[in-house]
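Participant: Sequence below, structure please.
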Amino acid sequence: MSIPGYNHFVSVEVWGDKIIATTGRELLVFDSDDVREAFSKRPILTPYGAYFDRVRGVAYIVRRSLWRF
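Facilitator: Numbers count the residues shown, from 1 in each chain. Next up, the predicted model:
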């Protein structure tokens, strides 16, 4: 499963005191001081469902393989 419209080919370059990222459709320019400040604050955690999908997949495979014997 992937995010619709997400480009996996993201390029990031540091140019002087700027951080520049291209996503194919957008050009993002960040000031390095702003990025440093954002990372120094409390971290933001988001749930990542792909890990749960993988665990369910492994459990499914193990369960199916036990029924064969």
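Participant: Break down the protein into its strands, ranges please.
Facilitator: 11-15, 18-22, 27-31 (DSSP state E).
Participant: Quick check: mean pLDDT of the top helix by length along the chain?
Facilitator: With DSSP state H setting the assignment, residue counts place helix 49-68 as the longest helix in the chain. Mean pLDDT, helix 49-68: 77.
Participant: Distance from the chain centre to that helix, please.
Facilitator: On the basis of CA atoms, centre = their mean, to the nearest Å, helix 49-68 sits 23 Å off its chain's mean C-alpha point.
Participant: Enumerate every residue touching residue 35.
Facilitator: residue 19 (CB atoms under 8 Å, 6 or more residues apart in numbering). C-beta here means a position set from N, CA and C on the backbone, and glycine is covered the same way.
Participant: Name the nearest residue to residue 12, ignoring sequence neighbours.
Facilitator: residue 21 (4.7 Å; CB to CB, 6 or more residues apart in numbering).
Participant: picking up where we left off before, just name the most buried of the strands of the chain.
Facilitator: strand 18-22 (a mean of 14; mean count of other CB atoms under 10 Å).
Participant: so residue 28 touches residue 21, yeah?
Facilitator: Yes - using CB atoms under 8 Å, residue 28 is in contact with residue 21, at 4.3 Å.
Participant: ok, residue 14 to residue 53 distance?
Facilitator: To residue 53, residue 14 is 34 Å away according to CB to CB, to the nearest Å.
Participant: My error: substitute residue 22 in the last question.
Facilitator: From residue 22 to residue 53 the distance is 30 Å (CB to CB).
Participant: Got the confidence number for residue 3?
Facilitator: 58.
Participant: ditto for residue 9
Facilitator: In this model, residue 9 carries a pLDDT of 75.
Participant: Excluding residues flanking it in the chain, which one is nearest it?
Facilitator: residue 24 (6.6 Å).
Participant: burial count for the one you found?
Facilitator: Residues contacting residue 24 under the criterion other CB atoms under 10 Å number 12.
Participant: picking that back up, quick one, which of the strands of the chain gets closest to residue 37.
Facilitator: Of all those, it is strand 27-31 that lies closest to residue 37, at 9.3 Å by CB to CB.
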